[in-house]
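*Asks:* Fold the stuff below for me.
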Amino acid sequence: MTSTSVETYPHSEVGSIAQFRRVLVVEDEAILRMVVARNLTSRGLQVYEAGTGAEAVQMALTQMPDLVLLDINLPDQTGWEVLRELKRRGKEVPTIILSAVRVGQNRLDEFHPLAYLPKPFPIEALLRLVLRARTPAEYEVDSE
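*Replies:* Got it, this is the predicted structure:
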């Protein structure tokens, strides 16, 4: 049995995650994006999908999501660049970082994500994070 832990941050509003109903999933791996989107949609959330940074910016500006699930390594730009562009355009959206790359403290301090979920992760960990208001101590998920 392995354990995946989700990192949350003192300045984030983790308790408010449960109120998010419109989610933008930004992931260049189509299969992972589809799995996440289907799981969220089946639980009543409205889901938008983007496979590139440019699509993510456009979707965030036009669809007005409550939450962004953001991969960092995108084919056209980084997730950090997406967040900078949204901020430049006056659109800051609560974000959960999903990344195979370790996220440094300087990035966390700059962008203030609600949480960081390292890949690979059990889908249950993501669903619990998005669908429930939980305290950081409750974010450890066991998977086989």
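*Asks:* show me where the protein has strands.
*Replies:* 2-5, 7-8, 22-26, 46-50, 67-71, 95-99, 115-118, 140-143 (DSSP state E).
*Asks:* deepest of the ones you listed, which one?
*Replies:* Stretch with highest mean neighbour count among these: strand 67-71 (a mean of 25; mean count of other Cβ atoms under 10 Å). Heads up, the C-betas are built off the backbone N, CA and C, glycines and all.
*Asks:* quick one: average pLDDT of that strand?
*Replies:* For strand 67-71, the mean per-residue pLDDT is 97.
*Asks:* What is the distance between it and the centre of its chain?
*Replies:* Chain-centre distance of strand 67-71: 3 Å, with Cα atoms, centre = their mean, to the nearest Å.
*Asks:* Show residues contacting that strand.
*Replies:* Strand 67-71 is contacted from outside by 17, 20, 22-29, 36, 56, 60, 79, 82-83, 93-99, 113-114, 126, 130, using Cβ atoms under 8 Å, 6 or more residues apart in numbering.
*Asks:* again, only this time at 7 Å
*Replies:* With Cβ atoms under 7 Å, 6 or more residues apart in numbering as the contact definition, strand 67-71 has outside contacts at 20, 23-28, 36, 60, 79, 82, 93-99, 130.
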